[in-house]
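A.B. asks: Based on what follows, work out the 3D shape:
(one chain, ligands or ions: 4)
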Amino acid sequence: MTTFETYLETRNGTVLDDDLVVVLRNIAEATREISDKLRTSSLDGLTGATEITNVQGEAQKPLDILSNEIMLEACRRSPSVSFAVSEELDSEVAIHGDGKYAVIFDPLDGSSNLDVNVTVGTIFSVIRASTSGEILKNGRGQLIAGYAAYGPQTTLVLTVGKGVQIFTLNADGVYLMTSADAKIVPEAKEFAINAARRSSWDDAVASYIEEAIDTGHNMRWVGSMVADTHRIFNRGGVFLYPADRNKPASGGRLRLLYEANPIGLLVEAAGGAAIIGTSTILDIEPTSLHQRVPVIFGSKNEVDKISAAYRERI
Ligand code: AHG
Ligand code: MN
Ligand code: MN
Ligand code: MN
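C.D. replies: Ligands and ions are numbered 1, 2, ... in the order given. Model (predicted):
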């Protein structure tokens with residue numbers, strides 16, 4: 001099986017250069033470290049919540065803070081990284097003055113699942129940015145996107161410009177390639193949505209969900225975007241976190257720069273679709289680091305049905 005290291009050396013058709021290889025190697029090392037910390041968090045007092053509220057208004061978990069520090073350290077060890085942007089940090093953090101790549105990340109996705117031993121993840125994106133003014137660019141400006149899913153296995157899902165590759169961590173801490181060209185099947189009868197928020201759905205989403213239930217679709221909702229995404233990579237389906245129709249300006253729950261954009265790039269690179277309604281996620285022009293957007297992605301035929309439902313209501 002191909003190791004992650006070997007894969008990094010096969011650069012043709014990818015965006016990889018010597019600098020990005022170093023960045024990716026350090027990010028992969030960070031995910032290994034986070035994976036280790038998670039395995040024994042209850043034994044190490046890394047559970048519960050701190051008294052600290054992050055810029056999102058969420059009570060930070062000890063592992064949010066620890067994972068954030070591990071990812072920041074990976075950026076510091078990469079000389080070409082100019083800035084780090086994190087869910088857990090109010091604004092961008094300058095890393096190396098002569099850096100040319102910004103690393104944007106959700107250090108721990110699905111924190112509400114930490115104490116109940118359910119899959120969580122790390123989401124990351126790498127863009128070209130030498131100044132802070134270059135950070136707010138649309139998702140098609142991403143060079144690299146990926147996530148690590150910390151579940152029964154630890155898997156790394158990555159796009160470096162040539163489809164999507166999946167790696168699984170072995171007992172020796174080596175990522176081995178388990179898929180060289182992952183694809184999302186265009187059709188699947190399974191949706192992921194937090195059904196408790198049904199009263200806040202717009203008509204397009206409500207009508208799609210109603211029809212899906214009437215036609216025998218299954219429902220899964222993990223509460224970790226990474227876990228729901230990984231299931232969709234594995235067997236297809238659609239994930240929806242719509243905006244609240246009663247608070248449209250809020251944009252929804254998920255953040256554009258370090259959740260919707262990296263997942264959107266991976267999903268499109270695997271033949272799926274990722275929209276906010278009638279437009280794609282990757283074409284949204286960001287206006288702020290922690291901007292929230294509605295998120296709908298997954299099997300292309302299913303997402304196209306939802307997009308059509310929006311178009312009918314224009
Ligand atoms: P994070 O833990 O990084 O703040 O992200 C949590 C997100 C996402 O992972 C998940 O899909 C969603 O929150 C779950 O939202 P609800 O708790 O409203 O279902
Ligand atoms: Mn959070
Ligand atoms: Mn998240
Ligand atoms: Mn998070």
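A.B. asks: For Gln56, give me its contacts.
C.D. replies: 87, 255, 290 (Cβ atoms under 8 Å, 6 or more residues apart in numbering). Just so you know, the C-beta spots here come from the backbone N, C-alpha and C atoms, and that holds for glycine as well.
A.B. asks: hang on, I meant Ala145
C.D. replies: Applying Cβ under 8 Å, 6+ apart, the residues near Ala145 are 124-126, 158-159, 261-263, 265-266, 269.
A.B. asks: same thing but 10 Å
C.D. replies: 104, 123-127, 139, 157-160, 164, 258, 261-269 (Cβ atoms under 10 Å, 6 or more residues apart in numbering).
A.B. asks: again, but for Asp202
C.D. replies: 242-245, 248, 277, 294, 309-310, 313.
A.B. asks: Just among those, which is most surrounded?
C.D. replies: Pro242 (24 neighbours; other Cβ atoms under 10 Å).
A.B. asks: Spell out the secondary structure type for Lys305.
C.D. replies: State at Lys305, reduced to three classes by DSSP: H, G, I helix; E, B strand; the rest coil: helix.
A.B. asks: burial of it, as a residue count?
C.D. replies: 16.
A.B. asks: Hmm, Pro242 is touching Val295, no?
C.D. replies: Yes - assessed by Cβ atoms under 10 Å, Pro242 is found in contact with Val295 at 8.0 Å.
A.B. asks: Find residues that contact each of the two.
C.D. replies: Contacts common to Pro242 and Val295, judged by Cβ under 10 Å, 6+ apart, are 252-253, 276.
A.B. asks: Please list the residues of this structure that sit near ligand 4.
C.D. replies: 87, 106, 108-109 (Cβ under 5 Å from the ion).
A.B. asks: nearest to Ser80, of the residues you listed?
C.D. replies: Taking Cβ to Cβ as the measure, Ser80 lies nearest Asp106 of the residues of the chain next to ligand 4, at 21.4 Å.
A.B. asks: list the contacts for that closest one?
C.D. replies: 64, 67-68, 71, 85-88, 121-125, 147, 225-226, 254-255, 257-259, 262-263 are the contacts of Asp106 under Cβ under 10 Å, 6+ apart.
A.B. asks: Surely Asp90 is in contact with Gly57?
C.D. replies: No - if you go by Cβ under 10 Å, Asp90 and Gly57 don't touch, sitting 11.9 Å apart.
A.B. asks: These two: which is more packed in?
C.D. replies: Asp90 (10 against 6).
A.B. asks: residues from the protein in reach of ligand 1?
C.D. replies: Residues of the chain lying close to ligand 1 by Cβ under 6 Å from any ligand atom are 58, 87, 106, 109-112, 194, 223-225, 253.
A.B. asks: Max pairwise distance over the residues you listed: which two?
C.D. replies: Glu87 and Asn194 (18.8 Å).
A.B. asks: In the stretch 201-314 of the chain, what residue comes closest to ligand 1?
C.D. replies: Closest contact between the stretch 201-314 of the chain and ligand 1, by Cβ to the nearest ligand atom, is at Met225 (3.6 Å).
A.B. asks: Read off the pLDDT value for that residue.
C.D. replies: In this prediction, Met225 carries a pLDDT score of 98.
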